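A.B. asks: From the sequence below, what's the structure:
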Amino acid sequence: MSGNGDSSPRVVGTPGGGTPQDECGTLVVETILNSPVPQVVRDLKEGGVLSVGFEVSQSVTRMKTIVAKDQSGRTAGSLTPPDLITIIHCMEGGYKYEAVILEKVVGGLVRVRIQPKA
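C.D. replies: Numbers count the residues shown, from 1 in each chain. As a prediction, the model looks like this:
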């Protein structure tokens, strides 16, 4: 037989569109918090955990963005990692993610690691 991939394990996509489920469960991405909200960011600590969720714009396009929220539900900022579309598809398929604060730099820059929620 030729190596055409027919013998490889089948990967099932999520309902939201073609992202392999095994990728969703192991996806880990480091990025920075965009448009940080000063009143929220000042209370963040290295090692803290933010929830990752959707916000849908009120415009005609109803565009989805990913945001990080603190334990009180306040939006700390948005997340736009290179894997944004993959994360959105995974979340649409039921996967949940969190953002661990890796580093908080003076001036509001916050580096996080997006990972599956434990």
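A.B. asks: Next SSE downstream of the worst-scoring helix or strand of the chain on mean pLDDT?
C.D. replies: Ranked by mean pLDDT, DSSP states H and E, the helix or strand of the chain with the weakest confidence is helix 21-26, at a mean of 84. Using DSSP states H and E, the helix or strand that follows helix 21-26 towards the C-terminus is strand 29-34.
A.B. asks: what about that next one, distance to the chain center?
C.D. replies: 9 Å (C-alpha atoms, centre = their mean, to the nearest Å).
A.B. asks: pLDDT of the next helix or strand after it, averaged?
C.D. replies: For strand 29-34, the following helix or strand on the C-terminal side (DSSP H and E) is helix 38-41. Averaging pLDDT along helix 38-41 gives 92.
A.B. asks: Over to stretch 62-75?
C.D. replies: The pLDDT scores in stretch 62-75 average 92.
A.B. asks: end-to-end on that stretch?
C.D. replies: End-to-end distance for stretch 62-75, by C-alpha to C-alpha, to the nearest Å: 19 Å.
A.B. asks: gap between it and the chain center?
C.D. replies: 10 Å.
A.B. asks: Show me the contact partners of it.
C.D. replies: 33, 37, 39-40, 43-44, 48, 50-57, 76-80, 84, 87-88, 91, 99, 112 (C-beta atoms under 8 Å, 6 or more residues apart in numbering). For the C-beta atoms, the positions are set from N, CA and C on the backbone; glycine is no exception.
A.B. asks: list the buried ones in that stretch?
C.D. replies: 65-70, 75 (16 or more other C-beta atoms under 10 Å).
A.B. asks: Please identify which of these is nearest to V29.
C.D. replies: I66 (10.8 Å; C-beta to C-beta).
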